[in-house]
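# next comes the sequence, and after it the predicted model I'd like to discuss.
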Amino acid sequence: MFVAANMDDLLLALKNKAPQILIKDEFKNEVISLTEHSLSEKETLGFELGSAGTSNFLAELFYQITNKFSNKPNEAKTIESKLRKYKLKKNSKEEIILSLQQLDY
C-alpha cells in the first residue's frame, strides 16, 4: 500500500496506478475536497442503467469540456482526472484509502 503525505506523493502513486493509496491526517481533507464531486457506486449504477449506457459518454464529454476551460493548475487537473479511477473508503477519522476501481471487478 502506497502512503501519500502530500500532492507530489499522490501524483506519483496515481501515475504508477498504485492499487491502494493511504491518505493520512491533514492531507486527507484536501483529497476529500478533490473527490467530493464524484458520484457513489450506487448512484453511478442507477444513472448508467437508466440511460442505457450513454451516460458514461456524455459525462466524460462534459468533464473534458469543463476541465479544458478550468482555471485550475495542470497538476490539479491531472490529479482530479486520475482520481476518477479510484474509490474512496474511509478507514478511520484520520485516514482514507483510495482503491483502484479496476480491482473490484
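Nice, I can see it.
# so residue 89: helix, strand or coil?
strand (DSSP: H, G, I helix; E, B strand; the rest coil).
# and the residue lying closest to residue 70 once chain neighbours are set aside, how far is that from residue 69?
Of all residues not flanking residue 70 in the chain, residue 77 sits nearest, at 6.5 Å (Cβ to Cβ, 6 or more residues apart in numbering). Yep, even glycine has a C-beta here, placed from its N, CA and C like the rest. The gap separating residue 77 from residue 69 is 11 Å, by Cβ to Cβ, to the nearest Å.
# now do residue 75
With Cβ to Cβ as the criterion, residue 75 and residue 69 are 17 Å apart.
# residue 77 and residue 69 - which one has more neighbours?
residue 77 (13 against 6; other Cβ atoms under 10 Å).
# where's the more buried one, which helix or strand?
Assigned by DSSP states H and E, residue 77 belongs to helix 74-83.
# what does residue 96 give?
strand 95-100.
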